[in-house]
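Trainee: Here's my sequence, what's the structure:
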Amino acid sequence: MIARVLIGGCGLAALGLPAPSLTPAGIVLTSIGLVALFIAVQQPGSAAPLVLITAAALSWLATGGDAGVPRLLAFAGCVAVLHSAAAYAAVVPARTPVAAAVVRRWVLRTAGTTIGGVALVGAGSLLPATATPVTTVVTGLVAALLLGGWALVRLRAPAEPD
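Mentor: Numbers count the residues shown, from 1 in each chain. Now for the predicted structure:
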């Protein structure tokens, strides 16, 4: 249950930290992210966490690039925790009791990789700034839309037997 709460909280934060704009791209990315967030909390083993993280990252590229280092570090931390929580929730059924040692190992691993990732992002933020190329943002938006459509089709398709 804790992992699903983290998916919801970190997912909302990851979508909100770039401060999405009211442009068509910002509205589309935020809408895709919110739908993916709802699905990710319900089905963490699906492609929804991937779509959510992609929408948040593209929103960051489109609108949050000049947000400053503290928001960038918070964004990186939220995405890392979101990814780890989705992976954990995907393999542990909801409301299943889990041994304290397993949870402790997951928390320590998540904390270690998140701190390392945030440190790398922080170091990268010290590099000289460059303008965001429009073609990169447009290509990323198209990829997110295609990926989101693919994920929705996969969610609606009946499962094939092994």
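Trainee: how near is the residue nearest the centre of the chain to G33?
Mentor: Centroid-nearest residue in the chain: I53, 2.6 Å away (criterion: CA atoms, centre = their mean). Distance, I53 to G33, using CB to CB, to the nearest Å: 9 Å. The C-beta positions use only the backbone N, C-alpha and C, and glycine is treated the same way.
Trainee: what's the answer for L17, then?
Mentor: To G33, L17 is 12 Å away according to CB to CB.
Trainee: Tell me the residues that contact both of these two, please.
Mentor: The contact sets of L17 and G33 overlap at A56 (CB atoms under 8 Å, 6 or more residues apart in numbering).
Trainee: Low-confidence stretches in this protein?
Mentor: 64-67, 124-125, 127-137, 156-162 (pLDDT under 70).
Trainee: Where is the longest helix in this structure?
Mentor: Taking DSSP state H as the criterion, the chain has its longest helix at helix 100-124.
Trainee: which outside residues touch that helix?
Mentor: Contacts for helix 100-124 (CB under 8 Å, 6+ apart): 2, 69, 72-73, 76-77, 80-81, 84-85, 88.
Trainee: If you rank the residues you listed by neighbours, which is first?
Mentor: Neighbour counts for the contacts of helix 100-124 peak at A85, which has 26 neighbours (criterion: other CB atoms under 10 Å).
Trainee: nearest residue to that residue other than its sequence neighbours?
Mentor: L6 (3.9 Å; CB to CB, 6 or more residues apart in numbering).
Trainee: so which strand or helix has the one you found?
Mentor: helix 2-16 (DSSP states H and E).
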